[in-house]
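Undergrad: turn this into a model:
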Amino acid sequence: MLEMTAAAARRTALAAQGFADARPSAAPTRRHLLKAVGRTSLLQIDSVSVAVRAHYMPVFSRIGAYDRGLLDDAAWRHTAAKPRALVEYWAHEAALIPVGDWPLLRWRMRAYAGGRWAGERKVLERNPALIRDVLDVISAVGSASAGDIERHLEIDRGRRPGPWWDRSDTKVICEQLFAAGALSVDRRVGFVRHYDLADRVLPAGVVSSRIDDEDAVRELIRRAARSLGVGTEPDLRDYYRLSRAQAAAAIADLVEEGALVPVAVRGWGAPAYRHVEARTPRRITGAARCPFDPLVFFRPRTERIFDFHYRLEIYTPQHKRVHGYYVFPFLLDGELVARVDLKADRGADALHVLGAFAEGEHGHGHVAESLASSLREMADWLGLSDVRVGERGDLAAALADRV
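TA: Residues are numbered from 1 along each chain as shown. A predicted model of the protein is given here:
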């Protein structure tokens, strides 16, 4: 069996995610953006916008300051000259995936046909006619938000509060039909989904494509392996949230095919698999920030590869937070060397560093210097004039000096 050092495995993982690629020498284009997404295979979508919405950041971390309109157009706009390249669906979590990958998740759409969670099923049982009503409205008027649909149906019922959001029955039905593959997301306005029939959002060849479930899962594992470079079985199945049984069968097939090579990574304590086309550069250089990033999706992997214990504390009560509300791990020359709690304050025209924390034994001076430059680049990208550093964290003083 092939053996790898932990350091080689880390460089392989970073290269697979695009962190060994040279940044564009001029303003990034749609081609650069899609190449970056080709590396990650998906971009997680999240509603948190305290600094910048989650799907924009991984691309910035890989290609630098790009026009976010490029991503918006690739996902939520379609023209003959520039066809839609990305589409929303439940992949890792809610995510943008290449349009051509949509049929690989039909088995999940079938599983969600009766509701993705118990609350949806209860709404379906309570109001079964609403499905037909929603589809009829969208068929007639085209792309519409849940609010638009309610107005067309002249619905005025009170919202039923959920654990995190208030969602009407109409919104729940729209989400259920989206999960089942009947609807897709045509566009977003102010981050609000506007739904349309899937066969009007996606190309006919994509909608009509039928892939055997086992073949589809095998392709998802292949994509996960390509984007991870090297990973354990739990790493590979977590990328698209597959079951253990699905992953085990697919991995065995891909090993037999020669697409995955079994490897023993020193210190990992579990069998691993290297994508046959993965490369291991001699070194990784550069800096990036990466919350909600495929690089750190799976926390056990992040800890295993980087010796970095990472938890989002968004839903942790403020008095129990260790590092802050929206903490960005900071990647420097192939290692996670710090974490910063960031907030984009439009009113103050500043990127606020609410807390800055060094990781391990990395020298504060070098890390602070690189982090200051990286934060300045991020502020410029977000259209903010200033970077302001607070007092929390052992790296704050050194960072403030350099900012």
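
Undergrad: model confidence for residue 166, exactly?
TA: We note a pLDDT of 46 for residue 166 in this prediction.

Undergrad: dump the residue contacts of residue 287.
TA: Shown in contact with residue 287 (Cβ atoms under 8 Å, 6 or more residues apart in numbering): 330-333, 370-371, 373-374. Where you see a C-beta, it was placed from the backbone N, CA and C, and this is true even at glycine.

Undergrad: just the buried ones from the residues you listed?
TA: For the contacts of residue 287, burial is judged from neighbour counts taken by 16 or more other Cβ atoms under 10 Å, and it is met by 330-332, 370-371, 374.

Undergrad: residue closest to the middle of this protein?
TA: When the chain is reduced to its mean C-alpha position, the nearest residue by Cα atoms, centre = their mean turns out to be residue 44, at 2.1 Å.

Undergrad: name the residue most distant from the centre of the protein?
TA: Taking Cα atoms, centre = their mean as the measure, the residue most remote from the mean C-alpha position of the chain is residue 154, 35.9 Å away.

Undergrad: and the longest helix for this structure?
TA: helix 364-381 (DSSP state H).

Undergrad: chain neighbours aside, what residue packs nearest to residue 207?
TA: Leaving aside its chain neighbours, residue 207 sits nearest to residue 199 (4.6 Å; criterion: Cβ to Cβ, 6 or more residues apart in numbering).

Undergrad: surely that neighbour is in a strand?
TA: No: if the criterion is DSSP: H, G, I helix; E, B strand; the rest coil, then residue 199 is helix and not within a strand.

Undergrad: can you give me the strands for the stretch 1-150 of the chain?
TA: Taking DSSP state E, counting those that start in this stretch as the test, the strands found in the stretch 1-150 of the chain are 2-4, 43-44, 86-90, 94-98.

Undergrad: Throw the ones you listed into a markdown table and include mean pLDDT and distance to residue 213, thanks.
TA: Shown next, in a markdown table, are the strands of the stretch 1-150 of the chain (pLDDT from 0 to 100; distance: least, Cβ to Cβ, whole Å):
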| stretch | mean pLDDT | distance to residue 213 |
| --- | --- | --- |
| strand 2-4 | 95 | 31 |
| strand 43-44 | 97 | 24 |
| strand 86-90 | 98 | 16 |
| strand 94-98 | 98 | 17 |
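
Undergrad: what is the neighbour count of residue 129?
TA: Other residues near residue 129 come to 7 when the count uses other Cβ atoms under 10 Å.

Undergrad: let me fix that: residue 147
TA: By other Cβ under 10 Å, 14 other residues sit near residue 147.

Undergrad: contacting residues around it?
TA: Shown here is residue 147, whose contacts under the criterion Cβ under 8 Å, 6+ apart are residue 192.

Undergrad: from residue 204, how far off is it?
TA: In this structure, residue 147 lies at 29 Å from residue 204, with Cβ to Cβ, to the nearest Å as the measure.

Undergrad: all strands of the stretch 201-350 of the chain, in order?
TA: Chain-ordered strands for the stretch 201-350 of the chain, with DSSP E, counting those that start in this stretch as the definition, fall at 230-232, 260-265, 272-275, 287-289, 327-332, 335-345, 350-358.

Undergrad: which of those strands has the lowest average pLDDT?
TA: Looking at the strands of the stretch 201-350 of the chain, the lowest mean pLDDT belongs to strand 287-289 (a mean of 85).

Undergrad: who does it pair up with?
TA: Counting by DSSP bridges, the strands paired with strand 287-289 are strand 327-332 (antiparallel).

Undergrad: what angle sits between the strand it pairs with and strand 350-358?
TA: Inter-element angle recorded for strand 327-332 and strand 350-358: 70 degrees (by axes from the mean of the first three to the mean of the last three Cα atoms, to 10 degrees).

Undergrad: next, the angle strand 335-345 makes with strand 327-332.
TA: Comparing the axes of strand 327-332 and strand 335-345 via the same axes, to 10 degrees yields an angle of 130 degrees.

Undergrad: which residues touch strand 327-332?
TA: For strand 327-332, using Cβ under 8 Å, 6+ apart, the contacting residues are 19, 51, 61, 286-291, 295-296, 308, 310, 312-313, 336-342, 355, 362, 367, 370-371, 374.

Undergrad: any idea how far residue 402 lies from residue 368?
TA: Distance, residue 402 to residue 368, by Cβ to Cβ: 5 Å.

Undergrad: of these two, who's got more company?
TA: residue 368 (23 against 17).

Undergrad: so what's the more buried one closest to, chain neighbours aside?
TA: Among residues not flanking residue 368 along the chain, residue 398 sits closest, at 3.9 Å (Cβ to Cβ, 6+ apart).

Undergrad: tell me how many other residues crowd the residue nearest to residue 207.
TA: The local packing count at residue 199 equals 13, with neighbours defined by other Cβ under 10 Å.

Undergrad: what's the answer for the one 4 residues further on, then?
TA: For residue 203, the tally of surrounding residues (other Cβ under 10 Å) stands at 15.

Undergrad: ditto for residue 256
TA: Around residue 256 sit 9 other residues, with neighbours defined as other Cβ under 10 Å.

Undergrad: and what of residue 241?
TA: A total of 14 residues lie near residue 241 under the criterion other Cβ under 10 Å.

Undergrad: what does the one 3 residues further on give?
TA: Neighbour count for residue 244, taken as other Cβ under 10 Å: 10.

Undergrad: then the one 4 residues further on?
TA: Residues lying near residue 248 (other Cβ under 10 Å) number 15.

Undergrad: which residue is the nearest non-sequential neighbour of it?
TA: If you skip the residues right next to it in sequence, residue 248 has residue 233 as its closest partner in space, 6.9 Å away by Cβ to Cβ, 6+ apart.

Undergrad: can you give me every residue that contacts that neighbour?
TA: Going by Cβ under 8 Å, 6+ apart, the list of residues near residue 233 reads 244, 247-248, 251, 270-271, 273.

Undergrad: which among these gets closest to residue 227?
TA: The shortest separation between residue 227 and any of the contacts of residue 233 is 12.9 Å, and it belongs to residue 273 (by Cβ to Cβ).

Undergrad: coming back round to it: and the gap between the residue nearest to residue 207 and residue 100?
TA: 15 Å.

Undergrad: neighbours around the nearest residue to residue 18 once chain neighbours are set aside, how many?
TA: In space, not counting the residues next to it along the chain, residue 18 is nearest to residue 39; the distance is 3.6 Å by Cβ to Cβ, 6+ apart. A count of neighbours around residue 39, defined by other Cβ under 10 Å, yields 20.
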